[in-house]
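K.L.:
Here is the input, now give the coordinates:
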Amino acid sequence: AFALSVPPALSRPRPLTKASRQVALRQIHNGVFVRLNKATIEMLRLVTPYIAWGYPSLKTVRELVYKRGHGKINGQRVPLIDNSIIERELGKFGIICMEDLIHEIYTCGPHFREVNRFFWPFKLSSPKGGMNAKVNHFVEGGDCGNREALINEFIAKML
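P.N.:
Residues are numbered from 1 along each chain as shown. Model (predicted):
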């Protein structure tokens, strides 16, 4: 799944700020990939008023990685412009190119955790056409909450 921080309508209570930090969503319009299990689903439910999340398609994952993908190397944000960067950092896991990164993220493969830690959170633009309603949940016509497959359109507006 892909989780994306949207502008809060109200200030976040402290426990929710802590939970959003654990999901690595510290800034508005930042996005991260999340492996869904019982614990992460509960954490996403806690911070639902402040994030949009869903299940991106392979095309969307590929666009995110190629257009906005940056790696974390020695605590520095490094653009992924060359496969040698990926091979040097993740070669020990058998990941040597961008397509291997995309495949590992999309399929939630055995080295998803290492690949996800390698990625810097995706910094996206504000959506073209603006937000719908920050206060409401997605099913009520707003922007936050679980969008399922409709996250693809939302991310496309932000790339």
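
K.L.:
for the chain, which spans come out with low pLDDT?
P.N.:
Along the chain, the parts satisfying pLDDT under 70 run over 9-12, 14, 133-135.

K.L.:
Next, the contact list for the most centrally placed residue in it, please.
P.N.:
Closest residue to the average C-alpha location of the chain: Val32 at 2.0 Å, with Cα atoms, centre = their mean. With contacts defined as Cβ atoms under 8 Å, 6 or more residues apart in numbering, the neighbours of Val32 are Phe2, Ala3, Val23, Ala24, Leu25, Asn116, Phe119, Pro121, Phe122. (Each C-beta comes from the backbone N, C-alpha and C, glycine too.)

K.L.:
The protein: helices as residue ranges?
P.N.:
Ranges of helices within the chain are 14-22, 38-46, 58-68, 83-90, 98-107, 112-118, 151-158, based on DSSP state H.

K.L.:
Output those in CSV; the columns should cover mean neighbour count and distance to Pro8.
P.N.:
As requested, those are arranged in CSV below (neighbours: other Cβ atoms under 10 Å; distance: least, Cβ to Cβ, whole Å):
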stretch, mean neighbour count, distance to Pro8
helix 14-22, 14, 9
helix 38-46, 13, 14
helix 58-68, 17, 22
helix 83-90, 16, 34
helix 98-107, 18, 27
helix 112-118, 16, 24
helix 151-158, 19, 17
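
K.L.:
how many other residues sit next to Cys108?
P.N.:
By other Cβ atoms under 10 Å, the residues close to Cys108 number 16.

K.L.:
Strands - which of the contacts of Val32 land there?
P.N.:
Judged by DSSP state E, the contacts of Val32 include Phe2, Ala3, Phe122 as members of strands.

K.L.:
Next, work out how far apart the first one and Pro127 are.
P.N.:
Between Phe2 and Pro127 the distance, using Cβ to Cβ, to the nearest Å, works out to 14 Å.

K.L.:
Show residues contacting stretch 91-99.
P.N.:
So stretch 91-99 is contacted by 65-66, 69, 80, 83, 86-87, 90, 100-101, 104, 111, 114-115 (Cβ under 8 Å, 6+ apart).

K.L.:
give me that answer again for 7 Å
P.N.:
By Cβ atoms under 7 Å, 6 or more residues apart in numbering, the residues outside stretch 91-99 that reach it are Val65, Tyr66, Leu80, Asn83, Ile86, Glu87, Leu101, Glu104, His111, Glu114, Val115.

K.L.:
roughly how far is that stretch from the heart of the chain?
P.N.:
With Cα atoms, centre = their mean, to the nearest Å as the basis, stretch 91-99 stands 20 Å off its chain's centre.
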